[in-house]
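In: Sequence and predicted structure are below.
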Amino acid sequence: MSKPSLIETIENRTYDEIKVGDAVTLVRTLRPEDIQMFAIISGDMNPTHVDPEYARSSEFREVVAHGMWGGMLFSNVLGTQFPGPGTVYYDQSLRFERSVRVGDTLTVMVTCQRKFDHNHHIIFDCVGTNQDNIRVLFGTAEVIAPQEKIKRPKATMPEIRLSATKASRYEHLLEITQGLSPIKMGVIHPCDTESLKGALLARDRGLIEPTLVGPEDKIRALAEEMHLDLSGCKFLNVPHSHAAAESGVALAREGEVEALMKGSLHTDELISEVIDSATGLRTERRISHVFVMDVPTYPRPLLITDAAVNVAPDLVTKADIVQNAIDLALMLHIVEPKVAILAAVETVNPKMLATLDAAALCKMADRGQIKGGVLDGPLGFDNAISLVAARTKGIKSVVAGQADILLVPDIESGNMLAKQLEYLADALSAGIVLGARVPIVLTSRADSAQTRTASTAIAVVMAHARRGNVPNA
């Protein structure tokens, strides 16, 4: 006895196989993502279909499907089953009687009405009814039916996931500053387009009152060239980037600004001034960097540290890096943040320093040397962000699969991880330096103005948290 094939196939019915009166039905329930997908594919952004607020004021009182979503179901039947492969669409007429709402179940029936032997045309009746057996749409379709039998494996199509656009995720991130007044920010050497636009966009969004620190003539010339409005900006005119870093740090040290933003100068040039023991912005805590990332495929914000400042941190430095990240997470209203300490394996191996550090950090947290979060490690990246991967490997942990913070072993692994998420997973990224007297917006020189503004939103929250007036989430 032969076993049934597991391979899905698609098979037609030829002209000769179809008889007048034969019929095929297809049943589909309308989902919100069906409406969104149809709008994306067709370009039909009629607010009746895609804008719930507008739809509430329309005659339908709620979002409804595009009329041709139902018509598309007739095409499905004709192209895949009845007649199926080899069919050529010739004509279609439709009349729409009722709207289709999210949750409605549509049953479409295609019935052979008439055949024409001389040219192998077939006319089909097409009727669609909803779950209450009320007719929603009807019409006729005329096709040229196939004459040869066709049976093929069903094509495997790519999986399509709908996620919020980067623009909408950017707006969502900026919501963390709702109700907060602008802060004074020193923008260090904004002498390229994106760094200057980032500062001005943050100004326009009501986040900052910028002081532009750098060669004033060069900044004004750039603004004129790019048609950028410098209204509301103060200037601290200095000749070059090194002087800008020194002067900007001095502004923060003297309390003239509450935060700094890196412009078009090298990170080392700014950070060397920040960490200067005599004139810098050091505290008892080691300075570190955090990427705050909104990854479309992950259900919560993800903080990655340190991927920009500390090259090869030792255990004591890692403890400060973790505490900095926990403190930031708490400011962002992440309750009891979960910290996954990353390594290549999940077990402690004396030959792998990252695993030893992970075990020590967890014990330090147990003894109260690291506070405010829950630590676990060593954990592989997969186990840190995937419950399925953790369970498959038998890892029992409140952190595994639910991490809020990823502590990376070194700057190389962290930088690669953050850039991979940004460029391959369309993550929205914001970068901030912690552990100094003021928050420092630190992004890549390749980052956009929006990325810089998103980072500025985090600096605003931090500045207000230090004042003690951040509203509850």
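Out: Looks like it came in fine. Numbering: from 1, shown residues only.
In: so what pLDDT did the residue lying closest to residue 234 once chain neighbours are set aside get?
Out: The spatially closest residue to residue 234, leaving aside those adjacent along the chain, is residue 211, at 4.3 Å (Cβ to Cβ, 6 or more residues apart in numbering). To be clear about C-beta, it is placed using only N, CA and C from the backbone, and glycine gets the same treatment. Per-residue pLDDT puts residue 211 at 96.
In: and what of residue 165?
Out: For residue 165, the predicted pLDDT is 76.
In: so how far is residue 177 from it?
Out: Residue 165 sits 20 Å away from residue 177, going by Cβ to Cβ, to the nearest Å.
In: Those two: which is more packed in?
Out: residue 177 (22 against 12; other Cβ atoms under 10 Å).
In: Give the full set of residues in contact with that one.
Out: By Cβ atoms under 8 Å, 6 or more residues apart in numbering, the residues touching residue 177 are 206-207, 457, 460-461.
In: So this protein: which segments form each domain?
Out: According to automatic domain parsing, the chain comprises the domains 10-153, 283-435.
In: List the contacts of whatever helix or strand the residue nearest to residue 234 lives in.
Out: In this structure, residue 211 sits in strand 208-214 according to DSSP states H and E. By Cβ under 8 Å, 6+ apart, the residues outside strand 208-214 that reach it are 182-191, 196, 199-200, 202-203, 219, 230, 232-238, 241, 244, 247-248, 251, 256-257, 259, 261, 263, 456, 460.
In: After that strand, heading C-terminal, what element do we hit next?
Out: Counting by DSSP H and E, the next helix or strand C-terminal to strand 208-214 is helix 216-225.
In: Just list what that following helix packs against, helices and strands only.
Out: helix 193-204, strand 234-237 (3 or more Cβ pairs under 8 Å, 6 or more residues apart in numbering; DSSP states H and E).
In: now the longest one against strand 208-214, angle please.
Out: This means helix 193-204. With axes from the mean of the first three to the mean of the last three Cα atoms, to 10 degrees defining the directions, helix 193-204 sits at 150 degrees from strand 208-214.
In: now that we have the contacts of residue 177, which one has the most neighbours?
Out: Tallying neighbours with other Cβ under 10 Å puts residue 460 at the head of these, with 28 neighbours.
In: Which strands and helices lie in contact with the strand or helix carrying that one?
Out: Per DSSP H and E, residue 460 falls inside helix 449-467. On a contact count with 3+ Cβ pairs under 8 Å, 6+ apart, helix 449-467 meets helix 166-174, strand 183-188, helix 193-204, strand 259-262, helix 315-331, strand 428-434, strand 440-441.
In: Give me the contact list for the shortest one.
Out: In this case it means strand 440-441. Applying Cβ under 8 Å, 6+ apart, the contact partners of strand 440-441 are 185, 259-262, 270, 274, 431-433, 452, 455-456, 458-459.
In: returning to what we had before: could you spell out the sheet neighbours of the strand holding residue 211, each with its direction?
Out: In the sheet, strand 208-214 lines up against strand 183-188 (parallel), strand 234-237 (parallel) (DSSP bridges).
In: In contact with residue 400: list those residues for me.
Out: Listed by Cβ under 8 Å, 6+ apart, the contact set of residue 400 reads 340, 376, 379, 383-384, 387, 390.
In: of all the residues you listed, which two lie farthest apart?
Out: Farthest pair in those (Cβ to Cβ) is 376 and 387. Separation: 13.4 Å.
In: neighbour-wise, which of those two wins?
Out: residue 376 (23 against 13).
In: In this structure, which strand is the longest?
Out: For the chain, the strand with the greatest residue count under DSSP state E is strand 105-116.
In: Now find how far off-centre the helix or strand just after it is within its chain.
Out: As assigned by DSSP H and E, the chain's next helix or strand after strand 105-116 is strand 121-129. In terms of Cα atoms, centre = their mean, to the nearest Å, the centre of strand 121-129 is found 43 Å from the chain centre.
In: following strand 121-129, which helix or strand comes up?
Out: With DSSP H and E, the next secondary element past strand 121-129 is strand 135-144.
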